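Enquirer: build the 3D model from these lines:
(one chain, ligands or ions: 1)
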Amino acid sequence: MRIGIIGPGALGCLFAAKLYLSVNEQDEILLIDHKTERAAELNSQGILYESGTETTRCPISVSNSPESLGHLDTLLFCVKSYDLKKSLHFAAPLFAPTTLILFLQNGIGHLKYGEQKLLPAVPAFAACSEGATYLAPGHIRHAGKGHTTLGFLSPGNKAGSKQLEQLATTMQNAGIDTSISNDIRTQLWAKLFVNAGINGLTAVYNRSNGQLLTSCAARSRIKSLVREAEKVAKGLGITIEKDPVAATLKVCKQTARNISSMLQDIRRLRPTEIDAINGEVSRLGREIGITTPLNDELIAQVKKIEKRYLSSQTEANENQE
Ligand code: PAF
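Expert: Reported below is the predicted structural model:
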């Protein structure tokens, strides 16, 4: 199997390293980066993968020219939700009717790629809770072991299903705990509840996941944010398997020392995924006439923080030109 991983961020490097270290000689793992200089640098330095007290250098091929790679069986899109459209366009030369595309974004803004026939490929989705911390370009730490659930939004054809099973087995063999669900939408909403309750608040309060639990105000906001999201999900007829509030508080405890992906984005002065997470709760709520004032308030707070550094970056870029 030839697997391409698009995006050398924390999750992309984690998957690339774990797959690289476990696949057979006849399989190939490639990392694909749209940035020419960074791709060249990562290609020569390799990916540094930290797990526990060990650091392993993985000499993975990193390319920035999809058109030169030939046929890849599977593509893992490990880019941020706001970069997805651009990345799909960049990787388009790799699409074929049998290419399995796995989306690993947070939130649910990307589900349209499975609901409508927007891509000449086979779209599948992953709800992934692996914890990965970005330390430097191509240098990541496996911060917490999680689980990855894979599935199609609508039943895949025989060949697509077989390919997804093969991918799940390859991931499992690489130590990425993986299963297949025939109701991935439910799993993606379950993850959305957790992210809607935790990520934005960690950004606003500048706290680790566990530190949120030590403040009564933050704890009560987690509960209210998740209850609002749950109301929207029920209004849309989404199946809810476990109590979303209890599940969110549990994840907060289990990942107590984690710096959430959104707080990592804020600290690196990058855009956040607030639109794909709480933004989608609010947007879908509006569509079906359910108000989401607490999610709206959080979105405004995160956007205010983002605006402070994003607008100064734009100014700096303009001054350089
Ligand atoms: O986005 C994240 O950081 C993670 O999904 C989670 C579960 C909040 C843990 O940090």
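
Enquirer: show me what contacts the spatially most central residue of the chain?
Expert: Using CA atoms, centre = their mean, the residue of the chain that lies closest to the mean C-alpha position is Gln105, 3.2 Å off. With contact taken as CB atoms under 8 Å, 6 or more residues apart in numbering, Gln105 is in contact with 77, 79-81, 84, 273, 276. Using the backbone N, CA and C atoms, a C-beta is placed for each residue, glycine as well.

Enquirer: next one: Thr248
Expert: Contacts here follow CB under 8 Å, 6+ apart; on that basis Thr248 touches 193-194, 197-198, 222, 226.

Enquirer: with Leu119 instead?
Expert: The contact partners of Leu119, by CB under 8 Å, 6+ apart, come to 88, 95, 101, 113.

Enquirer: circling back: looking at the contacts of Thr248, which is nearest Leu135?
Expert: Among these, Ile198 lies closest to Leu135 (CB to CB), at 21.6 Å.

Enquirer: neighbours around the closest one, how many?
Expert: 27 (other CB atoms under 10 Å).

Enquirer: give the helix, strand or coil label for it.
Expert: helix (DSSP: H, G, I helix; E, B strand; the rest coil).

Enquirer: pretty sure it is in contact with Ile259, am I right?
Expert: No - using CB atoms under 8 Å, Ile198 is not in contact with Ile259; the gap is 11.2 Å.

Enquirer: what do these two both touch?
Expert: Shared contacts of Ile198 and Ile259, defined by CB under 8 Å, 6+ apart, comprise Asn209.

Enquirer: returning to what we had before: the contacts of Thr248: which ones sit near the ligand?
Expert: Applying CB under 6 Å from any ligand atom to the contacts of Thr248, one finds that 194, 198 fall near the ligand.

Enquirer: which of the contacts of Thr248 has the most neighbours?
Expert: Top of the contacts of Thr248 by neighbour number is Gly197, holding 30 neighbours under the definition other CB under 10 Å.

Enquirer: check contacts around the closest residue to Ile3 other than its chain neighbours.
Expert: Residue nearest to Ile3 in three dimensions, not counting chain neighbours: Thr74, with 4.8 Å by CB to CB, 6 or more residues apart in numbering. Contact analysis of Thr74 by CB under 8 Å, 6+ apart lists 1-4, 99-102, 163, 167.

Enquirer: residues of this protein that sit close to the ligand?
Expert: Applying CB under 6 Å from any ligand atom, we find that the chain lies next to the ligand at 106, 129, 131, 194-195, 198-199, 209, 251, 255, 258, 260-261.

Enquirer: if we go by neighbour counts, what in stretch 137-154 is buried?
Expert: For stretch 137-154, burial by neighbour count (16 or more other CB atoms under 10 Å) applies to 137-144, 146, 148-153.

Enquirer: so what would you say the end-to-end distance of that stretch is?
Expert: 36 Å (CA to CA, to the nearest Å).

Enquirer: what mean pLDDT does it have?
Expert: On average, the pLDDT along stretch 137-154 is 93.

Enquirer: before we move on, what about stretch 57-77?
Expert: Across stretch 57-77, pLDDT averages out at 97.

Enquirer: chain center to that stretch, what's the gap?
Expert: Its chain's C-alpha centre and that of stretch 57-77 lie 19 Å apart, by CA atoms, centre = their mean, to the nearest Å.

Enquirer: and Arg2, what does it touch?
Expert: Contacts for Arg2 (CB under 8 Å, 6+ apart) come out as 27-28, 30, 70-74.

Enquirer: repeat that with 6 Å
Expert: Shown in contact with Arg2 (CB atoms under 6 Å, 6 or more residues apart in numbering): 28, 72-73.

Enquirer: excluding chain neighbours, what is closest to Leu104?
Expert: With sequence-adjacent residues excluded and distances taken as CB to CB, 6+ apart, Leu104 is closest to Ala126, at 4.7 Å.

Enquirer: quick one: distance of the helix or strand harbouring the one you found to the chain centre.
Expert: Assigned by DSSP states H and E, Ala126 belongs to strand 122-128. Computed by CA atoms, centre = their mean, the chain-centroid distance of strand 122-128 equals 10 Å.
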